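Engineer: Provided below are the primary sequence and the corresponding predicted coordinates.
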4 protein chains.
Amino acid sequence: MAAMLTAVTPATELRTRDADRTQLVILQAATDEFADRGLGGARVDSIAARAGINKRLIYYYFGSKEALFLAVLENTYASIREAEKELHLLDHEPQTAIRRLVEFTWDYYLQHPEFLTLLNSENLHRARHLQMSGRIREMNSPLIQMLADVLERGRKEGLFRGGVDPVQLYISIASLAYFYLSNNPTLSTIFGRDLLAPAALSERLSHITEVVLGYLLRR
Amino acid sequence: MAAMLTAVTPATELRTRDADRTQLVILQAATDEFADRGLGGARVDSIAARAGINKRLIYYYFGSKEALFLAVLENTYASIREAEKELHLLDHEPQTAIRRLVEFTWDYYLQHPEFLTLLNSENLHRARHLQMSGRIREMNSPLIQMLADVLERGRKEGLFRGGVDPVQLYISIASLAYFYLSNNPTLSTIFGRDLLAPAALSERLSHITEVVLGYLLRR
Amino acid sequence: MAAMLTAVTPATELRTRDADRTQLVILQAATDEFADRGLGGARVDSIAARAGINKRLIYYYFGSKEALFLAVLENTYASIREAEKELHLLDHEPQTAIRRLVEFTWDYYLQHPEFLTLLNSENLHRARHLQMSGRIREMNSPLIQMLADVLERGRKEGLFRGGVDPVQLYISIASLAYFYLSNNPTLSTIFGRDLLAPAALSERLSHITEVVLGYLLRR
Amino acid sequence: MAAMLTAVTPATELRTRDADRTQLVILQAATDEFADRGLGGARVDSIAARAGINKRLIYYYFGSKEALFLAVLENTYASIREAEKELHLLDHEPQTAIRRLVEFTWDYYLQHPEFLTLLNSENLHRARHLQMSGRIREMNSPLIQMLADVLERGRKEGLFRGGVDPVQLYISIASLAYFYLSNNPTLSTIFGRDLLAPAALSERLSHITEVVLGYLLRR
DNA sequence: CATGAATGAGGTTTCATTCAT
DNA sequence: GATGAATGAAACCTCATTCAT
């Protein structure tokens, strides 16, 4: 049927696809630029150059630099929420589930450094854009509920300690990964060693896992 | 002693004192501005206005916006290092020492929000300024060594687990406090509750303490 | 004749009618926009939006914003000339004829505020477009000749003073109505009262009539 | 004393004078540009070029194009109010006073064409700026009161008709001069003659005077 | 006949920095 | 030691117009 539509209205199809692609290209370029320089430091000209399009198009499709930033944020949040859905924590033993969550968080942050800088930018601006975006506020993370279930299961099995707030734990897991990666430049400078070296990375992941499980596991 | 100086060279002394005070006022205003808006978002005009001085003086005393930022960073690091020295971790039982360290970290970040934003800014800029500052790199935190001692003492007493890297633990303690406070705007928005409310704050501090001790304490 | 065309080439006729209608819609939208914002302030996008058509059509039918403005002007002049023809000043007593002329002028300006702003725009541009339009320059107002006749008749009857230049009087009548309405925003602001209130309007019309007749009537 | 001040603070004096002069030069250039092209058509670059100063200074002193326009309006109104004060209508016979008022109005508009275009611009914008300016609204014209006195005196002497609203008459006098001059480009084009030729100008002034006095004088 | 996508020139405004006193 | 005036480069954004279908 898609083939039929294509046959019937190829022009429209193509035009539409071009517009979509252009928007996507802009969004990607903007994500990179905002991640590299922050909202204030990003340059619209630079985004246009990265995207290989006419600057005017940015305004045609997104309206303003600020609105573009919001679109980038929404897109970024949508991506992580999408990835989180693939975790299926409930399919695993409590302890495995926790390990998976820690590893997922660590890997995602490691592979999406733009997520960290964008969030830092947004926090610098007091979450002004997030508050404007109903879309993002509706994208609740499925993790909190999953984590609550895992914790409860673990507790029932006599494995985990009780009284653990899933939100606090979620934030803590994020903290342990986020801070290390986001503050890597200053930390590496202060400690005088490259915290992004492969050995350092795997050491950090082990440490985080041990901290989290050390806290959770019943003694 | 100040009286003596005044007696000898009143004019010079006054001028000097004024100059020092002017520099301090600029530094304070710049700290606020950089903390509020980031390096890119800060405005030299705004700093001058906050300081209540002529903009030209900023260039007279600091040379450039960038250099001023560096001065602010140095000052900020000096302050926290100064505070850390007051901790005297070695005067306490291992477990108490850890508690004190966690509480100190938490309180310091809570009372010095500018420290968090300035660090975020510096990380966005890949620690470019820190690397230029021999002064900061020399200001080694006394905490790492103290923490190593505490951990070793705790281990010997059979209280703490062994094999804990003091640097990793130091970073983890910082992470658990830093992330929550630095990302508070987005977290509060996403979770739909005020994470800076007094109850929320004390709850977070308890959680952090439990995580750290839960990890450390022998079972 | 239209019927013949329809009979012969129905499709063409339909297309033509659509085309005509589109042009008309554009012309109307453009008139509103130019009247509201002036030539410089008018936006082609805004005209397209008001007309509910694609922007490209404006260029298809009118060639350029400037040419569209000229078309609007021609249309506007054509309308007032058409209305003036209905006045039939010569069918009335001299004094009645003058009254009718004053009232017509007042009412027309009142009901066609776009005429005033468009003329102001054109004057700001030194009548550049008018000079380009042979069509408008050929649309001589029938009023001057009619007014000359009325004045001559009135003079012969011993009613009106002699030596009155019909062009001067025509301009004066226009002045007395135009200025009040065109400058209403500033006048209302300066005098602190609403000069467009119904009572104010009828008072103004009385005044204008008295001024004109007071000047014309023999003593 | 001025000399003393100059002697004491020559630098300040000179600097201040320069700043004042710069502002004045900008104001004059802006008046010309806004008068020539309207608010929308005026270019900040062009104003800077006319003034022979750096464009940035316009923002330094006036803040924005819009604010500059307001300053120009205020200045323009202040000028005409100043000139009106010199009229001293009360020192003359009623009929002479009216003649003086008509001639003043005519001459002022003739010699200050910028006043006409600026007002047209402001009316196009619905007096938005005037309403924002308390200063202008406080600059009441002294003419209304003077005119009221003259009319009353004339009436008492049996010279003028009674029941004349000074505001209406003031507006009418302004109308008769304003419209002719402001709409000169289109009028000259339509009538095919140069209405600014010296002979035409004096003819118009005579006509206006006759209209006003013809209306006022008792028969 | 009609349209959405795209563009280049130019507009207003901002900003760190320097000048002149 | 201190200041108000001034600047050039560059930022964000707008607009009439054209392209491709």
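Structural biologist: Yep, it's here. Residues are numbered from 1 along each chain as shown, chains lettered A, B, ... in the order given.
Engineer: Please name every helix or strand in contact with the helix ranked longest in chain A.
Structural biologist: Taking DSSP state H as the criterion, chain A has its longest helix at helix A:10-41. Contact partners of helix A:10-41 among helices and strands, from 3 or more Cβ pairs under 8 Å, 6 or more residues apart in numbering or on different chains; DSSP states H and E: helix A:44-51, helix A:55-62, helix A:65-85, helix A:113-124, helix B:10-41, helix B:113-124. C-beta coordinates here come from the backbone N, C-alpha and C atoms, glycine included.
Engineer: Residue C:84: which of those is closest?
Structural biologist: helix A:55-62 (46.0 Å; Cβ to Cβ).
Engineer: quick one: low-confidence ranges for chain A?
Structural biologist: Scanning chain A with the threshold set as pLDDT under 70 gives A:1-17.
Engineer: Next one: residue A:24 relative to residue A:51, how far apart?
Structural biologist: 9 Å (Cβ to Cβ, to the nearest Å).
Engineer: Up against DNA strand E, what does chain A have?
Structural biologist: Within chain A, the residues that sit near DNA strand E (Cβ under 7 Å from any atom of the strand) are A:15, A:16, A:18, A:19, A:22, A:53, A:54, A:55, A:56, A:57, A:60.
Engineer: sorry, back to before: looking at the helices and strands packed on helix A:10-41, which is closest to residue B:76?
Structural biologist: It's helix B:113-124; of these, that one is closest to residue B:76 (Cβ to Cβ) at 5.5 Å.
Engineer: which helices and strands does that closest one pack with?
Structural biologist: helix A:10-41, helix A:113-124, helix A:184-191, helix B:10-41, helix B:65-85, helix B:94-111, helix B:128-132, helix B:166-182.
Engineer: Now render the ones you listed as CSV, adding mean neighbour count.
Structural biologist: CSV is the format used below for the helices and strands packed on helix B:113-124 (neighbours: other Cβ atoms under 10 Å in any protein chain shown):
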stretch, mean neighbour count
helix A:10-41, 16
helix A:113-124, 22
helix A:184-191, 20
helix B:10-41, 17
helix B:65-85, 18
helix B:94-111, 18
helix B:128-132, 18
helix B:166-182, 22
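Engineer: Name the stretch from those helices that approaches residue C:88 most closely.
Structural biologist: Proximity to residue C:88 (Cβ to Cβ) singles out helix A:10-41 among the helices and strands packed on helix B:113-124, at 57.5 Å.
Engineer: Okay, angle between that closest one and helix A:65-85 too, please.
Structural biologist: Interaxial angle of helix A:10-41 relative to helix A:65-85 (axes from the mean of the first three to the mean of the last three Cα atoms, to 10 degrees): 100 degrees.
Engineer: Between helix A:44-51 and helix A:10-41, find me the angle.
Structural biologist: 130 degrees.
Engineer: Give the closest residue to the residue of chain A found nearest chain B in space, chain neighbours not counted.
Structural biologist: Across chain A, no residue is closer to chain B than residue A:219, which sits at 2.9 Å (Cβ to the nearest Cβ). Excluding its sequence neighbours, the residue lying closest to residue A:219 (Cβ to Cβ, 6 or more residues apart in numbering or on different chains) is residue B:219, at 2.9 Å.
Engineer: ok now do residue A:167, which residues does it touch?
Structural biologist: Residues in contact with residue A:167 (Cβ atoms under 8 Å, 6 or more residues apart in numbering or on different chains) are A:144, B:191.
Engineer: What separates the first and last residues of stretch A:39-59, distance-wise?
Structural biologist: Chord length of stretch A:39-59, first to last residue, is 16 Å (Cα to Cα, to the nearest Å).
Engineer: Need the contact partners of stretch A:157-165.
Structural biologist: Contacts for stretch A:157-165 (Cβ under 8 Å, 6+ apart): A:94, A:95, A:151, A:154, A:155, A:215, A:216, A:217, A:218, B:203, B:207, B:214.
Engineer: Out of the residues you listed, which end up buried?
Structural biologist: A:94, A:95, A:151, A:154, A:155, A:215, A:216, A:217, B:207, B:214 (16 or more other Cβ atoms under 10 Å in any protein chain shown).
Engineer: Return the residues in contact with residue A:33.
Structural biologist: A:42, A:43, A:46, A:47, A:50.
Engineer: The first one - how many residues pack around it?
Structural biologist: Here the count is done by other Cβ atoms under 10 Å in any protein chain shown, and residue A:42 has 22 residues near it.
Engineer: likewise the second one?
Structural biologist: For residue A:43, the tally of surrounding residues (other Cβ under 10 Å) stands at 12.
Engineer: got a list of what it touches?
Structural biologist: A:33, A:37.
Engineer: Setting aside sequence neighbours, what's the nearest residue to residue A:31?
Structural biologist: Closest to residue A:31 by Cβ to Cβ, 6+ apart is residue A:72, at 5.0 Å.
Engineer: Alright, that wraps it up for me.
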